[in-house]
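Participant: no sequence on hand, only this structure:
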């Protein structure tokens, strides 16, 4: 079994501090360049692989590359950012054609498993770090890369971001975003109904009751996909324990889910949220798109989701009233807990990997390197408001209010775990844990039963 390289809390803190340094140095007006920011290397795209010639322009051979993506919307958000980088590369390298196959999240995951099983000759694929990438590594489907090749200002990766892409000390992909959990909320719904944006668990309970009384779903969630329950549980455990590493230690067997009271208290609070009807009706049948649509249509007051949805604020296909009222809140704290609002559940989950069965490995590597140049994905994703990159980025002064709020959440963070606990163990552990949450939220299972199921998953991985 491929194991993650252990990442110390010090490194996790360094990543947060690096973000603080970069963003503070830039300033909100974007007039001051941060040391090592994207704009400090104006020729980065030419030097990515040793100059423009080596990026593919020197060869007249026609090459078609296959990119497998989980971003089907190519006109907004991260899909637009990804397509923009592709268009930039093809413009500079007219001999290269890049065919994109893009599916929504769950169909993407299923087809990637099929591609892995058949050793399909894709050139570059989007990957989810952690347990899912571990499966691809064990099948020898993705290629090992040299981390030393991506050091320095040319790429500007934040320290520690390779954690979920590293197995047995070897790197098998690169992250595209800094992922962290927040609560998106509709300010108009809160204002119109006289509800306070919750900063504590008690206030969250009050908000649930208030919105339910108005027949408004308090919070939307993609229950069918199951994984959001895992992030929610990790968030609640941290709020009680104050320890970002506690749940990761339990996955590794250093602690037990059944012996630390924070795990049970978190399960008890999740049972309360379930029974108080925090989530929309029929939430267990809602996939990612359905849960987002409910929120963006103003039918849910909140959406528990990650920083990768920054692009909602600039997505012209969404209602203008919604975009004007979209806000970001930190996850509430427990009055009887040790966690604070600046403890952030953050990791680097999504990225890209090179595929071993590629028919054009050299051309694929050249585009891969170009994609991760500091002035390509990182710059485009930030400038378009699509996401918060895993690389240093510069504030332009044109950020949306949501981008500013997400930036504040990140730079104010005093601790991060560096990993999502459901992805920290084996693929079997992830499946078992997600199924446990599915059973818990589908019925009336007791908190003690959930904790026991989590322990069983940790023991049997």
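Facilitator: On my side now, so go ahead. Model, not experiment: these values are computed from the prediction. Residues are numbered from 1 along each chain as shown.
Participant: mean confidence (pLDDT) on whichever strand or helix holds residue 290, please.
Facilitator: Element membership of residue 290, judged by DSSP states H and E, is helix 288-296. Per-residue pLDDT values over helix 288-296 give a mean of 97.
Participant: does residue 84 count as helix, strand or coil?
Facilitator: With DSSP: H, G, I helix; E, B strand; the rest coil as the basis, residue 84 sits in helix.
Participant: buried ones in the helix holding residue 290, by neighbour count?
Facilitator: Of the residues in helix 288-296, those with enough neighbours to count as buried (16 or more other Cβ atoms under 10 Å) are 288, 290, 291, 292, 294, 295, 296. (Each C-beta comes from the backbone N, C-alpha and C, glycine too.)
Participant: so the fifth one makes contact with residue 279?
Facilitator: Pointing back at residue 294 there. No. With contacts defined as Cβ atoms under 8 Å, residue 294 does not count as touching residue 279, sitting 10.0 Å away.
Participant: can you check which residues contact both of the two?
Facilitator: Both residue 294 and residue 279 are contacted by 217, 220, under the criterion Cβ atoms under 8 Å, 6 or more residues apart in numbering.
Participant: check which helix or strand covers residue 240.
Facilitator: Element membership for residue 240 (DSSP H and E) is helix 227-241.
Participant: quick check: mean pLDDT of that helix?
Facilitator: Rounded mean pLDDT across helix 227-241 is 98.
Participant: again, but for stretch 185-195
Facilitator: In this model, stretch 185-195 has a mean pLDDT of 98.
Participant: same thing with stretch 102-110?
Facilitator: For stretch 102-110, mean pLDDT rounds to 94.
Participant: ok, stretch 381-398 next?
Facilitator: Per-residue pLDDT values over stretch 381-398 give a mean of 91.
Participant: end to end, how far does it reach?
Facilitator: Its start and end residues considered, stretch 381-398 measures 13 Å (Cα to Cα, to the nearest Å).
Participant: in that stretch, what counts as buried?
Facilitator: In terms of neighbour count (16+ other Cβ under 10 Å), stretch 381-398 has its buried residues at 381-396.
Participant: one step back: now the element after the helix holding residue 240, going C-ward?
Facilitator: helix 246-252.
Participant: give the contact list for the residue positioned nearest the centre of the chain.
Facilitator: When the chain is reduced to its mean C-alpha position, the closest residue under Cα atoms, centre = their mean turns out to be residue 179, at 3.5 Å. The contact partners of residue 179, by Cβ under 8 Å, 6+ apart, come to 306, 307, 308, 346, 347, 348, 349, 350, 388.
Participant: now it. Its backbone dihedrals?
Facilitator: Here is the backbone geometry of residue 179 (degrees, to the nearest 10): phi -100, psi 130.
Participant: using pLDDT, spot the least trustworthy of the contacts of residue 179.
Facilitator: At the low end of pLDDT for the contacts of residue 179 is residue 349, which has 89.
Participant: so that one sits against residue 423, correct?
Facilitator: Yes. Applying Cβ under 8 Å, one finds residue 349 in contact with residue 423, separated by 7.0 Å.
Participant: okay, and the common contacts of those two?
Facilitator: By Cβ under 8 Å, 6+ apart, the residues touching both residue 349 and residue 423 are 128, 129, 130, 164.
Participant: in strands, which of those residues appear?
Facilitator: Using DSSP state E, the members of those that fall in strands are residue 128.
Participant: in JSON lines: the shared contacts of residue 349 and residue 423, plus neighbour count.
Facilitator: Below are these laid out as JSON lines (neighbours: other Cβ atoms under 10 Å):
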{"residue": "128", "neighbour count": "23"}
{"residue": "129", "neighbour count": "29"}
{"residue": "130", "neighbour count": "25"}
{"residue": "164", "neighbour count": "30"}
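Participant: among the shared contacts of residue 349 and residue 423, which pair sits farthest apart?
Facilitator: When the shared contacts of residue 349 and residue 423 are compared pair by pair using Cβ to Cβ, the farthest-apart members prove to be 128 and 164, with a separation of 8.3 Å.
Participant: can you tell me which residues contact the closest residue to residue 287 other than its chain neighbours?
Facilitator: Distance criterion Cβ to Cβ, 6 or more residues apart in numbering; nearest residue to residue 287, sequence neighbours excluded, is residue 224 at 4.7 Å. By Cβ under 8 Å, 6+ apart, the residues touching residue 224 are 284, 285, 286, 287, 290.
Participant: do residue 108 as well
Facilitator: Contacts for residue 108 were tallied using Cβ under 8 Å, 6+ apart; they are 68, 69, 70, 102, 126.
Participant: quick check: which element contains it?
Facilitator: Under the assignment given by DSSP H and E, the secondary-structure element containing residue 108 is helix 105-118.
Participant: quick one: that helix to chain centroid distance?
Facilitator: Average the C-alpha atoms of helix 105-118, do the same for its chain, and the two points are 19 Å apart (Cα atoms, centre = their mean, to the nearest Å).
Participant: what is the orientation angle of it with helix 227-241?
Facilitator: With axes from the mean of the first three to the mean of the last three Cα atoms, to 10 degrees as the criterion, the two stretches helix 105-118 and helix 227-241 enclose an angle of 110 degrees.
Participant: related to what we said a few turns ago, got a markdown table for the contacts of residue 224, with distance to residue 414 too?
Facilitator: Supplementary listing: those in a markdown table, determined by distance: Cβ to Cβ, whole Å:
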| residue | distance to residue 414 |
| --- | --- |
| 284 | 35 |
| 285 | 38 |
| 286 | 33 |
| 287 | 34 |
| 290 | 35 |
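Participant: most surrounded residue in the residues you listed?
Facilitator: Sorting the contacts of residue 224 by how many neighbours each has (other Cβ atoms under 10 Å) puts residue 286 first, at 21 neighbours.
Participant: would you confirm that it contacts residue 226?
Facilitator: No. Using Cβ under 8 Å, residue 286 and residue 226 do not qualify as a contacting pair, with a distance of 11.3 Å.
Participant: okay, now the closest residue in space to residue 422 that isn't next to it in sequence: neighbour count?
Facilitator: Taking Cβ to Cβ, 6+ apart, and ignoring the residues beside it in sequence, residue 422 has residue 230 as its nearest neighbour in space, at 3.7 Å. As a burial measure, residue 230 scores 20 neighbours (other Cβ under 10 Å).
Participant: same deal with residue 65?
Facilitator: Around residue 65 sit 24 other residues, with neighbours defined as other Cβ under 10 Å.
Participant: ok, now which ones touch residue 193?
Facilitator: For residue 193, counting by Cβ under 8 Å, 6+ apart, the contacting residues are 210, 211, 214, 216.
Participant: which phi and psi does it have?
Facilitator: Note on residue 193: backbone dihedrals following degrees, to the nearest 10 are phi -110, psi 10.
Participant: next one: the one 3 residues further on
Facilitator: In terms of degrees, to the nearest 10, the main-chain angles of residue 196 are phi -80, psi 140.
Participant: that one: what's it in contact with?
Facilitator: The contact partners of residue 196, by Cβ under 8 Å, 6+ apart, come to 190, 203, 206, 207.
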